[in-house]
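1. Okay, sequence plus prediction incoming.
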Amino acid sequence: MHTQDSDTRLRGPAVWALVLTGVAGFMAALDNLVVTTALPAIRADLGGGLEDLEWTVNAYTLTFAVLLMFGAALGDRFGRRRLFAAGLAVFTGASAAAALSPGIDALIAARAVQGVGAAVMMPLTLTLLTAAVPAARRGTALGIYGAVTGLAVASGPLIGGSLTEHISWQWIFWLNVPVGLALIPLARLRLAESTAPGARLDIPGTLLISGGLFGIVYALVNAHSEGWTSAPVLTGLILGPALVAGFVHHGSTHADPMLPMRLFRDRGFLGINLASLLMFLGMFGSIFLLSQFLQGVAGYSPTEAGLRMLPWTGMPMIVAPLAGILSDRIGGRPVAAAGLAFQALGLGWFAAILSTDVSYAAQLPPLILSGIGMALYFAPAANILMSTVRPADQGKASGANNALRELGGALGVAVLASVFSAQGGYESPHAFTDGTVPALWIGAAAVALAAALALLVPRRSQAAPVPAGRTARTPEKVPAAR
């Protein structure tokens, strides 16, 4: 009877933690893809060229990627509930600023600040939820959290398209404001505060990786408009990799770096992380172009375009549970590799059939194949990742994998848009198609390489028991994908 009373007493805080972190995770994951179907409307309203549209997406994903692990460390040091509420406040304020943006430059700046807020808020959602839920119920709670954030990724293009068409593109950002304003006081009232004793901030590492990745992405985004030999682009191409190399050296020699390079000595850890980066490179870059193709060339409305993307972005909601069962039976490595191969085949199929008059019926099979591939990859990827590291390193491993996936998304938009601008443009449907086709081939090649890298994972990783596996599985559903 005593146990039952204890369970009843614990139920309230656990439910509140699940609701608050789930809604916050939904918002942050939604903003990865919600803007894609609104890009043509934003371009028509605020102007700007291809590089401006790229930064509208990448300003969020890049700041999110490079500050994600730093955000988790801030929470460990100064209080997770306090920093969660602060991240929510920054994200909410930046969402309002994005909605009020008078021009494309202001929108890009607001999106960058949004990414900062998400980078602080997002990693702390899992920490707060894990602390609030009893161990016996943790798997269920984290499964619900993962489903909610997975739904955000799946519905992002549809929600963005519907709001853009029926109200205005500004409402993809206004949507966050009342939700954020409600969550901030509730977080302070309903979540327990916690810290990690002895937590340290790796400010030099954060500055090195932030500057390096910004330089690389800046160069890729602006190379077509400014020229590969222009001073700003050359500076980014030289200084960016140099700073990243400095980050690698720092992670190898510093006593407590944000990302210990020793983790990459494990073949499985290296393989699954490189596969994640390349998977998101091909997927995000392709969605960036295809969501515009469906509107600008195929002639669909924003809502219709979002609906037509669902066989791809929404398929993991259906297939992932089956893929999880399959990976338990035959091992995670072959399932993940097969999923990446299906995704690569889907993108290659798209590239082969794309034309100005291609029918949706012809597009549907590669969309479904790509969606199945995404689901087959996501289901076992977290367990593969966590089985390559010691329990003490699982937090940093999960943060690194999340950051690399977000980075892959930013690089995907930059690389594929650079190929698009070199081969085509917005001048006509034919020009847009001419640019999209070679970009999709590059995306397919990147994901095919990811499939090969997934085979680097040793067989021991696919069945290795991981005590915290359920806890670590959830971030894989956040692309998240998300």
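-> Noted; the coordinates are in hand. No experiment lies behind these values; they were computed from the predicted model shown.
2. and the host helix or strand of L453, how far out from the chain's middle?
-> Applying DSSP states H and E as the criterion places L453 in helix 429-454. Helix 429-454 sits 19 Å away from the centroid of its parent chain (C-alpha atoms, centre = their mean, to the nearest Å).
3. Against V437, how distant is A323?
-> According to C-beta to C-beta, to the nearest Å, A323 stands 30 Å off from V437. From N, CA and C alone the C-beta is placed, and that goes for glycine too.
4. for R111, same thing?
-> With distances taken as C-beta to C-beta, R111 is found 28 Å from V437.
5. So between these two, which is more surrounded?
-> R111 (27 against 20; other C-beta atoms under 10 Å).
6. How about the contacts made by G251?
-> Applying C-beta atoms under 8 Å, 6 or more residues apart in numbering, we find G251 in contact with 205, 257-261.
7. What strand or helix carries L364?
-> Going by DSSP H and E, L364 is part of helix 360-386.
8. could you point out which element follows that helix?
-> On the C-terminal side of helix 360-386, the closest following helix or strand by DSSP H and E is helix 394-423.
9. Pull out the buried residues from that following helix.
-> 394-421 (16 or more other C-beta atoms under 10 Å).
10. same deal with stretch 12-22?
-> 13-14, 16-18, 20-22.
11. Check those and tell me the two furthest apart.
-> Distance extremes for the buried residues of stretch 12-22: the farthest pair is P13 and G22 at 14.4 Å, using C-beta to C-beta.
12. rewinding a little: please render the contacts of G251 as TSV that adds neighbour count and secondary structure to the earlier fields.
-> What follows is the contacts of G251, written out as TSV (neighbours: other C-beta atoms under 10 Å; DSSP: H, G, I helix; E, B strand; the rest coil):
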residue	neighbour count	secondary structure
G205	21	helix
P257	20	coil
M258	26	coil
L259	22	coil
P260	17	coil
M261	15	helix
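13. can I get the residues you listed in TSV with pLDDT and distance to A72?
-> Below are the contacts of G251 laid out as TSV (pLDDT from 0 to 100; distance: C-beta to C-beta, whole Å):
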residue	pLDDT	distance to A72
G205	85	13
P257	83	14
M258	78	9
L259	80	11
P260	83	14
M261	88	18
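14. picking up where we left off before, among the buried residues of stretch 12-22, which one lies nearest to G296?
-> Closest approach to G296 among the buried residues of stretch 12-22 (C-beta to C-beta): G22, at 35.0 Å.
15. Check the gap between that closest one and G339 for me.
-> For G22, the distance to G339 - C-beta to C-beta - is 26 Å.
16. now do D105
-> 39 Å.
17. And for S359?
-> S359 sits 27 Å away from G339, taking C-beta to C-beta as the criterion.
18. Neighbour count for these two, which is higher?
-> G339 (29 against 10).
19. which residue packs closest to that one, ignoring adjacent ones?
-> Leaving aside its chain neighbours, G339 sits nearest to L376 (2.8 Å; criterion: C-beta to C-beta, 6 or more residues apart in numbering).
20. residues near that neighbour, how many?
-> 29.
21. Touching, it and P334? I think so.
-> No: taking contacts as C-beta atoms under 8 Å, L376 lies outside contact range of P334: 9.6 Å.
22. Can you give me the pLDDT of A480?
-> As predicted, A480 sits at a pLDDT of 35.
23. Which parts of the stretch 151-300 of the chain are helices?
-> Listed in chain order, the helices found in the stretch 151-300 of the chain under DSSP state H, counting those that start in this stretch are 171-174, 176-190, 203-226, 231-253, 267-296.
24. Tell me the gap between the host helix or strand of A44 and the middle of its chain.
-> Following DSSP H and E, the helix or strand that holds A44 is helix 39-46. Mean-position distance between helix 39-46 and its chain equals 23 Å (C-alpha atoms, centre = their mean).
25. go on, stretch 36-43?
-> With C-alpha atoms, centre = their mean, you get 19 Å for stretch 36-43.
26. tell me the mean pLDDT over that stretch?
-> Computed over stretch 36-43, the average pLDDT equals 84.
27. repeat for stretch 20-27
-> 85.
28. Start the count at 26 instead of 1 going forward.
-> Taking 26 as the first residue, the last one we looked at is stretch 45-52.
29. Contacts made by it with the rest, please.
-> So stretch 45-52 is contacted by 109, 113, 116, 146-147, 150-151, 153-154, 169-170, 173-174, 176-177, 201, 204-205, 208, 211-212, 215-216, 503 (C-beta under 8 Å, 6+ apart).
30. Now, of these, which are buried?
-> Burial by neighbour count, 16+ other C-beta under 10 Å: within those this picks out 109, 113, 116, 146-147, 150-151, 153-154, 170, 173-174, 176-177, 201, 204-205, 208, 212, 215-216, 503.
31. where does this protein dip in pLDDT?
-> 26-36, 163-165, 167-168, 171-172, 223-224, 404, 416-417, 419-420, 485-507 (pLDDT under 70).
32. at 50 instead, please
-> Along the chain, the parts satisfying pLDDT under 50 run over 26-35, 486-507.
33. nearest residue to G371 other than its sequence neighbours?
-> S395 (3.2 Å).
34. Repeat that for G424.
-> M94 is the one closest to G424 (C-beta to C-beta, 6+ apart), at 4.3 Å.
35. is it true that that neighbour touches V145?
-> No: here M94 does not reach V145: they are 11.0 Å apart, not a contact under C-beta under 8 Å.
36. Can you lay out the contacts of G276 as TSV showing distance to G74?
-> Formatted as TSV, the contacts of G276 follow (distance: C-beta to C-beta, whole Å):
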residue	distance to G74
G230	34
P282	38
M283	35
L284	34
P285	40
M286	38
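37. Could I get the contacting residues of the closest residue to S443 other than its chain neighbours?
-> Leaving aside its sequence neighbours, S443 sits nearest to L245 (C-beta to C-beta, 6+ apart; 5.3 Å). Residues in contact with L245 (C-beta under 8 Å, 6+ apart) are 436, 439-440, 443.
38. okay if I get these as JSON lines plus distance to T260?
-> Listed next are the contacts of L245 as JSON lines, based on distance: C-beta to C-beta, whole Å:
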{"residue": "L436", "distance to T260": "18"}
{"residue": "A439", "distance to T260": "16"}
{"residue": "V440", "distance to T260": "19"}
{"residue": "S443", "distance to T260": "17"}
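39. Taking the residues you listed together, which two end up most distant?
-> L436 and S443 (10.3 Å).
40. just to revisit the earlier point, for the residue nearest to G424, what are phi and psi?
-> Dihedral angles of M94 (phi, psi; degrees, to the nearest 10) stand at phi -70, psi -30.
41. F294 versus that one, what's the distance?
-> Distance of M94 to F294, computed by C-beta to C-beta: 15 Å.
42. ok, now M283?
-> From M283 to F294 the distance is 16 Å (C-beta to C-beta).
43. can you check L211 too?
-> Distance from L211 to F294, by C-beta to C-beta: 37 Å.
44. follow-up on the earlier one: distance of the residue nearest to G364 from L306?
-> When L401 is compared with L306 (using C-beta to C-beta), they lie 18 Å apart.
45. repeat for L93
-> 17 Å.
46. ok, now A207?
-> On the measure of C-beta to C-beta, A207 and L306 end up 36 Å apart.
47. Of these two, which one has the most company?
-> L306 (27 against 13).
48. Name all residues that make contact with the nearest residue to that one once chain neighbours are set aside.
-> Closest residue in space to L306, ignoring its immediate chain neighbours: G437 at 3.8 Å, by C-beta to C-beta, 6+ apart. Applying C-beta under 8 Å, 6+ apart, we find G437 in contact with 305-311, 313, 468, 471.
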